[in-house]
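In: A predicted structure for the sequence below; I have some questions about it.
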Amino acid sequence: MDDSTISIKNCPHCKGTHTYNLEVERAYLMRKMTAFDSFGEAPRKVPVTRIFVCPVNNEQYQGRFFLYETSDTKIQSVNVKGITNG
């Protein structure tokens, strides 16, 4: 599991900036290499939608962001673990 952070720069409830800890679980895939494999394939953007809680007034809001996956790593789950700052 990877630990990451995301910053919401304009909270819809208080207009402040909040940084949240994310827990990203990835599946690592083994592939058979062929002559047609494209080494250096660009990572793909994957949209992720999660619920966040404004720490100022304790109201929920939905946020959408993007993570990247490659041909040999797939995103399995993303959890919002909590806020790192207010």
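Out: That came in fine, so what should we check first?
In: what is the burial count for Phe65?
Out: Using other C-beta atoms under 10 Å, Phe65 has 15 other residues around it. C-beta: built from backbone N, CA, C; applies to glycine.
In: go on, Phe66?
Out: Neighbours of Phe66 (other C-beta under 10 Å): 9.
In: specify the beta-bridge partners of it.
Out: Pro47 (DSSP bridges).
In: show me what contacts it?
Out: Applying C-beta atoms under 8 Å, 6 or more residues apart in numbering, we find Phe66 in contact with Lys45, Val46, Pro47, Val48.
In: that one and Leu29, how far apart?
Out: 20 Å (C-beta to C-beta, to the nearest Å).
In: and if you look at Ala42?
Out: 17 Å.
In: would you list the contacts of Phe66 in JSON lines and tack on pLDDT and distance to Gln76?
Out: Formatted as JSON lines, the contacts of Phe66 follow (pLDDT from 0 to 100; distance: C-beta to C-beta, whole Å):
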{"residue": "Lys45", "pLDDT": "95", "distance to Gln76": "17"}
{"residue": "Val46", "pLDDT": "95", "distance to Gln76": "11"}
{"residue": "Pro47", "pLDDT": "96", "distance to Gln76": "15"}
{"residue": "Val48", "pLDDT": "96", "distance to Gln76": "12"}
